[in-house]
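Participant: sequence isn't available, so here's the structure alone:
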């Protein structure tokens, strides 16, 4: 499994800081420890209470270990500053979180609504890519919604889901945080060393790229995956009060596949370079080596997408994106 998430860094932390009820050893202690150590939750995360869909999105995005850039939000009930929005968009780009479609054509995320057990099963199957079939032995299996029947069957057979003492599954029962963390522990044990690989589509609308920035690759072609690529970043905006902050090692690599840009997942997440500022009429050149961050890059058409955090006195804070395309003609 990948544990190098940018949006919520996957670092090993002391479990003692997690908010445990003062009742001694609990059945969920192992699951909570696992989630803390693997960056799925933070060390100060409150593990009590029910789990909302937004909190679930954050856990699963941390599990994937991927941050996705986006220039649009398809959900009517979500904004750029909504809680868990980055995690939600990561899952949306991977086809894991589809939202609720309404008769008027609008799509909602319902991030504040509590998650049910059958919904949890569906989201875990989508995230981990579990496949298979099996027999559901729960006495209340007929109450499971049609969309979740196969998901519950798959996770039951893999030992990720279990029922209650009365042999029921209770599919519409709301999930507690510790119950969901226990499911994640068992799912991680089931997937083993092969880890999780998501098929992530780009959410970058090229018409929304910044007019204030210009990015160029200075290398002569052809480019190979182990080449040191020199990139020029230029600031075109004349607003002297705005600062454009970026990290040259923090970018999204995308590949054109069957007419669609897809996000390539990193195998390493080096962010040792400091962040740089582009002031009015300024420029900078930085270098990257893709083979240090990605394994097995195949020949094809690629683009690098950079995110710039915009701030400054009297300036509307936000983010702007720039992209530069290139072709890899030989692999390593």
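Facilitator: Structure's in. What do you need? Note that this is a predicted model, so its numbers are computed, not measured.

Participant: who's in contact with the closest residue to residue 162 other than its chain neighbours?
Facilitator: In this structure, residue 162 finds its nearest non-sequential neighbour in residue 156, 7.8 Å apart by Cβ to Cβ, 6 or more residues apart in numbering. C-beta here means a position set from N, CA and C on the backbone, and glycine is covered the same way. Neighbouring residues of residue 156 by Cβ atoms under 8 Å, 6 or more residues apart in numbering: 134, 136-138, 162.

Participant: shouldn't residue 156 be within a helix?
Facilitator: Yes: counting by DSSP: H, G, I helix; E, B strand; the rest coil, residue 156 falls inside a helix.

Participant: quick one: it from residue 84, how far?
Facilitator: Between residue 156 and residue 84 the distance is 28 Å, computed by Cβ to Cβ, to the nearest Å.

Participant: ok, now residue 289?
Facilitator: Per Cβ to Cβ, residue 289 is found 33 Å from residue 84.

Participant: more neighbours, the two?
Facilitator: Neighbours were counted for residue 289 and for residue 84 using other Cβ atoms under 10 Å; residue 84 has more, 21 against 13.

Participant: backbone phi and psi for the more buried one, please?
Facilitator: Note on residue 84: its backbone torsions stand at phi 70, psi 10 [degrees, to the nearest 10].

Participant: wait, what's in contact with it?
Facilitator: Contacts of residue 84 (Cβ under 8 Å, 6+ apart): 54-55, 57-58, 111.

Participant: mind checking which of those residues are in helices?
Facilitator: Members of the contacts of residue 84 lying in helices (criterion: DSSP state H): 54-55, 57-58.

Participant: for PyMOL, write the selection for the buried entries among these.
Facilitator: In PyMOL syntax, the buried subset of the ones in helices among the contacts of residue 84 is picked out as below (16 or more other Cβ atoms under 10 Å):
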select buried, resi 54+55+57+58
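
Participant: any chance of the ones in helices among the contacts of residue 84 in a markdown table, plus distance to residue 321?
Facilitator: Shown next, in a markdown table, are the ones in helices among the contacts of residue 84 (distance: Cβ to Cβ, whole Å):
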| residue | distance to residue 321 |
| --- | --- |
| 54 | 24 |
| 55 | 27 |
| 57 | 22 |
| 58 | 23 |
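
Participant: most widely separated two among the contacts of residue 84?
Facilitator: Distances among the contacts of residue 84 were taken as Cβ to Cβ; the most separated pair is 58 and 111, at 9.7 Å.

Participant: related to what we said a few turns ago, can you lay out the ones in helices among the contacts of residue 84 as CSV showing pLDDT?
Facilitator: Below are those laid out as CSV (pLDDT from 0 to 100):
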residue, pLDDT
54, 97
55, 98
57, 97
58, 97
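
Participant: closest to residue 47 among the ones in helices among the contacts of residue 84?
Facilitator: Nearest to residue 47 among those is residue 55, at 10.8 Å by Cβ to Cβ.

Participant: show me what contacts the closest one?
Facilitator: Residue 55 sits next to 84, 177 when contact means Cβ under 8 Å, 6+ apart.

Participant: how near is it to residue 210?
Facilitator: Counting by Cβ to Cβ - residue 55 and residue 210 are separated by 32 Å.

Participant: for residue 242, same thing?
Facilitator: In this view, residue 242 and residue 210 are 11 Å apart by Cβ to Cβ.

Participant: now do the helices in the stretch 1-150 of the chain.
Facilitator: 29-37, 53-64, 85-93, 117-128, 149-157 (DSSP state H, counting those that start in this stretch).

Participant: for residue 187, find the nearest of these.
Facilitator: Across the helices of the stretch 1-150 of the chain, residue 187 has its closest neighbour in helix 117-128 (5.5 Å, Cβ to Cβ).

Participant: quick one: list the elements packing against that closest one.
Facilitator: Here helix 117-128 touches helix 53-64, helix 149-157, helix 177-191, going by 3 or more Cβ pairs under 8 Å, 6 or more residues apart in numbering; DSSP states H and E.

Participant: turn those into a markdown table, including distance to residue 257.
Facilitator: Listed next are those as a markdown table, based on distance: least, Cβ to Cβ, whole Å:
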| stretch | distance to residue 257 |
| --- | --- |
| helix 53-64 | 19 |
| helix 149-157 | 27 |
| helix 177-191 | 24 |
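
Participant: right, so these: which one is the most enclosed?
Facilitator: helix 53-64 (a mean of 24; mean count of other Cβ atoms under 10 Å).

Participant: so how far is that one off the chain centroid?
Facilitator: Relative to its chain's centre, helix 53-64 lies at 8 Å (Cα atoms, centre = their mean, to the nearest Å).

Participant: then stretch 129-144?
Facilitator: How far stretch 129-144 lies from its chain's middle: 28 Å, per Cα atoms, centre = their mean.
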